[in-house]
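Q: what shape does this take:
(one chain, ligands or ions: 1)
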Amino acid sequence: MNGTQERTEAVLTRLGALRTGHFRLTSGQHSDRYMQCAALFEHPEESAELCGALARLFGDERIDVVAGPALGGVIMAYEVARALGVRNVFAERENGRMTLRRGFHVKPGERVLVVEDVVTTGGSVKEVVELLRAAGAVVVGVGSVVDRSGGTADFGVPFRPLMAMEAQRWEEADCPLCRDGVAVVKPGSRQV
Ligand code: ZN
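A: Numbers count the residues shown, from 1 in each chain. Predicted coordinates:
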């Protein structure tokens, strides 16, 4: 990825969006890395830089619209759309289903790029892809700041993340960092 991975990792680390240490995740598992992409979008200048880099990865795709799932994809879709000079919409859940509300729409044949800040299982992104296809749009690709799917995310269209995040995860009982007596941090709490 010719330096994009390194540059993205450096920016996210500097902003505290990507951290290395000993973390207790929401799932209860422990990990040696933690990602909170909101810490990127807290900073408009760096957001513009990374979203601009992502836009360039799709620069030849003649995109008409950038779409993202709420909440993680809202600011990102806006920023990528601005870099490409195209429209931006976001999808959100209504009665459990991803949908375009607020008068957002895509026209049949429009070429849409779907973006999400962090792709883990890619479930929300898949729903947005299906929603757009049902509306007759052409989904030309999926972009993300971080791919933490371990390369397993498959949307049936080109998927281009700025960086792949490798993280170890353990059940608490098996955690080598606990065994070494490293203090565990619960991200998002005040101790961080
Ligand atoms: Zn631990």
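
Q: residues contacting the helix of greatest length in the chain, please?
A: Among the segments of the chain that qualify as a helix by DSSP state H, the longest is helix 44-57. Residues from elsewhere that reach helix 44-57 (C-beta atoms under 8 Å, 6 or more residues apart in numbering): 4, 7-8, 11, 15, 40-41, 75-76, 79-80, 82-84, 115, 143-145, 160, 162. C-beta: built from backbone N, CA, C; applies to glycine.

Q: restricted to helices, list those residues.
A: 4, 7-8, 11, 40-41, 75-76, 79-80, 82-84.

Q: and those, which is closest to the ion?
A: Within the ones in helices among the contacts of helix 44-57, the smallest distance to the ion is 25.7 Å, found for residue 40 (C-beta to the ion).

Q: avg pLDDT for stretch 12-27?
A: On average, the pLDDT along stretch 12-27 is 93.

Q: over to stretch 163-175?
A: Here stretch 163-175 scores 92 as its mean pLDDT.

Q: show the end-to-end separation of that stretch, please.
A: Distance between the two ends of stretch 163-175: 26 Å, counting by C-alpha to C-alpha, to the nearest Å.

Q: list the buried residues for it?
A: By neighbour count with 16 or more other C-beta atoms under 10 Å, stretch 163-175 contains the buried residues 163-165, 175.

Q: show me the contacts for residue 83.
A: Contacts of residue 83 (C-beta under 8 Å, 6+ apart): 48, 51-52, 54-56.

Q: what count of nearby residues applies to residue 139?
A: 23 (other C-beta atoms under 10 Å).

Q: what packs against the strand or helix carrying it?
A: Using DSSP states H and E, residue 139 sits within strand 138-147. Contacts defined by 3 or more C-beta pairs under 8 Å, 6 or more residues apart in numbering; DSSP states H and E place strand 138-147 against helix 4-14, helix 44-57, strand 111-119, helix 123-134, strand 159-164.

Q: go through the longest one and flag the buried ones.
A: Right, helix 44-57. Result for helix 44-57 [16+ other C-beta under 10 Å]: buried residues 46-47, 49-51, 53-55, 57.

Q: pLDDT score for the nearest residue to residue 133 once chain neighbours are set aside?
A: Leaving aside its sequence neighbours, residue 133 sits nearest to residue 139 (C-beta to C-beta, 6 or more residues apart in numbering; 6.2 Å). For residue 139, the model assigns a pLDDT of 98.
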